[in-house]
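Chemist: When you get a sec, could you give me coordinates for this:
(one chain, ligands or ions: 1)
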Amino acid sequence: MSEYSKLIFSIQESKTLAITSLIKKLRAEGKEILSFSAGEPDFNTPEYIKSAAISAINNNQTKYTPVQGTTELIETIVEKFKKENNLLFTNENILISTGAKQSLYNIILALCNPGDEVIFQAPYWVSYPEITKIAQAKSVIINTDIKDNFKINPNLLKQAITEKTKVFLFNTPSNPTGAVYSKSEILDLAEVLINKDIFIVSDEIYEKILFGGEEHFSIGSIDELKDRTITINGVSKAFAMTGWRIGYAAGNKDIIKLAKNLQSHSTSNASSISQAAANAALNGDGKEISKMVEEFNLRRNYIVKELQSIEGINCPTPKGAFYTFFDVSNYYNKSFNNFTVIDSVSFCNYLINEANIGLVPGVAFGNDNCVRMSYAASMDDIKEGISRLKDSLLKLN
Ligand SMILES: Cc1ncc(COP(=O)(O)O)c(C=O)c1O
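Modeler: Numbering: from 1, shown residues only. I've put the predicted structure just below:
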């Protein structure tokens, strides 16, 4: 038989989706697994959004739309950027896609030639290295320290830039760490980028999920960077709409056009019904988002307090998104029942088998000392999960 594609063969299965499948499998076998691996809000999509989708079906908005998206949704997005992010666009600056994941994919492929370098930090979102690989570009990863709350600084960014740097891929609030860059930190990073010929791709999918008075600042609103920043966002996280698959990219119209051409030969338009739903979501009054964020905040406060009280765990306080990302390496080389924990994968395997709780190994995000625990789960499950975690850690020695 002839060989399969070497490029696609080198792509790894999404490790977060892999753990979700393992949990499903164990549940199907009758195990009562509590999962804290979810990358999606546990809330339902608000009723007003669902009604808009039902009306779209009843009104036969079930045909192809333009590849770029419906005019209604594009105009709503232009307005959103102006009102909320201080970003001024016209319709030709916007491309609507099947999730922010596709938006990122389109843009990285539209920008990179083989051998170009894409800079991003670790811990990173799992798809960044794989999308970079598909574009035949090279990931240049800036490692961050837990004591810096997993954030880079201008010096680290400067050191990572070479002649081959094409893109700086930036994510705030961060998945997996929950770190949020302040406006002044972003302005400092921008100083490094201003005189360089580098594109900035800014993944702002968690912009609405912020705690303790943190405010979101879009790097693309900095005058000197606005022409070469592509801002990525979507409705998955803010509106509990992960399954609807709507994301969008906004920036320089020539780049958007290339991305649109690419999309025209893969998925064409994003679902017409989901676009109608996203349009309703973005035109809503934001009350549902506030309720959700309030609930996330209660859970975050509980979970962080508990984790910080466990000896051997180092857990910084996340300021956004719905994840805690904490260091468990003090437990490495400890054993129970002939099983030795040696890294983040074996740590998570130990917890799945010993405590029936599902966490995601940090190695999936480029940091093998840590694990990710999502608090997109009910308070009851979180309390039970933390109690099981504590019990099983006590057994390790
Ligand atoms: C940092 C980050 N960017 C982008 C996405 C993609 O979101 P979606 O494709 O659901 O819109 C996710 C989803 O988990 C994410 O965590």
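
Chemist: In this structure, what residue comes closest to the ligand?
Modeler: G99 (2.8 Å; CB to the nearest ligand atom). C-betas here are computed from N, CA, C, even on glycine.

Chemist: doesn't G234 make contact with that residue?
Modeler: Yes: assessed by CB atoms under 8 Å, G99 is found in contact with G234 at 6.3 Å.

Chemist: Those two: which has the busier surroundings?
Modeler: It is G234, of G99 and G234, that has more neighbours when counted by other CB atoms under 10 Å, with 29 against 23.

Chemist: give me phi/psi at the more buried one?
Modeler: Dihedral angles of G234 (phi, psi; degrees, to the nearest 10) stand at phi 180, psi -180.

Chemist: pLDDT score assigned to it?
Modeler: Listed pLDDT for G234 reads 98.

Chemist: Could you do K15 as well?
Modeler: The model's pLDDT for K15 equals 69.

Chemist: same question, the one 3 residues further on
Modeler: For A18, the model assigns a pLDDT of 71.

Chemist: CA atoms only for the host helix or strand of it - export them in CSV, please.
Modeler: Following DSSP states H and E, one finds A18 within helix 15-28. Extracted in CSV, the C-alpha atoms of helix 15-28 (Å, rounded to 0.1, in the frame of the first residue of the first chain):
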residue,chain,number,x,y,z
LYS,A,15,-5.0,15.5,24.0
THR,A,16,-7.9,17.3,25.6
LEU,A,17,-10.4,15.5,23.3
ALA,A,18,-8.6,12.2,24.0
ILE,A,19,-9.1,12.5,27.7
THR,A,20,-12.7,13.3,27.2
SER,A,21,-13.1,10.1,25.1
LEU,A,22,-11.3,8.1,27.8
ILE,A,23,-13.7,9.4,30.4
LYS,A,24,-16.7,8.6,28.2
LYS,A,25,-15.4,5.1,27.7
LEU,A,26,-14.9,4.5,31.5
ARG,A,27,-18.3,5.9,32.2
ALA,A,28,-19.8,3.5,29.6
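
Chemist: Wondering if that helix reaches the ligand at all.
Modeler: No: applying CB under 6 Å from any ligand atom, one finds helix 15-28 separated from the ligand by no less than 7.6 Å.

Chemist: Now for G99 and G234: what residues contact both?
Modeler: Common contacts of G99 and G234, defined by CB atoms under 8 Å, 6 or more residues apart in numbering, comprise 246-247.

Chemist: need the next SSE after the helix holding A18, C-terminal direction.
Modeler: Downstream of helix 15-28 (by DSSP H and E), the next one is strand 34-35.

Chemist: Which strands and helices lie in contact with the helix or strand just after that next one?
Modeler: Later in the chain than strand 34-35, the nearest helix or strand by DSSP H and E is helix 47-58. Under the contact criterion of 3 or more CB pairs under 8 Å, 6 or more residues apart in numbering; DSSP states H and E, helix 47-58 touches helix 272-282.

Chemist: what about K82, helix or strand, and which?
Modeler: Per DSSP H and E: helix 71-85 holds K82.

Chemist: I198 contacts T165, correct?
Modeler: Yes: I198 sits in contact with T165 when judged by CB under 8 Å, with a separation of 5.3 Å.

Chemist: Flag every residue of this structure that's near the ligand.
Modeler: Contact residues (CB under 6 Å from any ligand atom) of the chain with the ligand: 39, 99-101, 125, 171, 175, 203, 205, 234, 236, 242, 247.

Chemist: Reformat those residues as JSON lines; add secondary structure and distance to V328.
Modeler: Shown next, in JSON lines, are the residues of the chain next to the ligand (DSSP: H, G, I helix; E, B strand; the rest coil; distance: CB to CB, whole Å):
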{"residue": "G39", "secondary structure": "coil", "distance to V328": "20"}
{"residue": "G99", "secondary structure": "coil", "distance to V328": "31"}
{"residue": "A100", "secondary structure": "helix", "distance to V328": "29"}
{"residue": "K101", "secondary structure": "helix", "distance to V328": "28"}
{"residue": "W125", "secondary structure": "coil", "distance to V328": "20"}
{"residue": "N171", "secondary structure": "strand", "distance to V328": "23"}
{"residue": "N175", "secondary structure": "coil", "distance to V328": "19"}
{"residue": "D203", "secondary structure": "strand", "distance to V328": "26"}
{"residue": "I205", "secondary structure": "coil", "distance to V328": "26"}
{"residue": "G234", "secondary structure": "strand", "distance to V328": "31"}
{"residue": "S236", "secondary structure": "coil", "distance to V328": "28"}
{"residue": "T242", "secondary structure": "helix", "distance to V328": "27"}
{"residue": "G247", "secondary structure": "strand", "distance to V328": "32"}
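
Chemist: Which helix or strand in the protein has the lowest average pLDDT?
Modeler: Least confident helix or strand of the chain, by mean pLDDT, DSSP states H and E, is helix 15-28 with a mean of 80.

Chemist: Which parts of this structure belong to which domain?
Modeler: As given by automatic domain parsing, the domain ranges for the chain are 6-44+287-395, 61-282.
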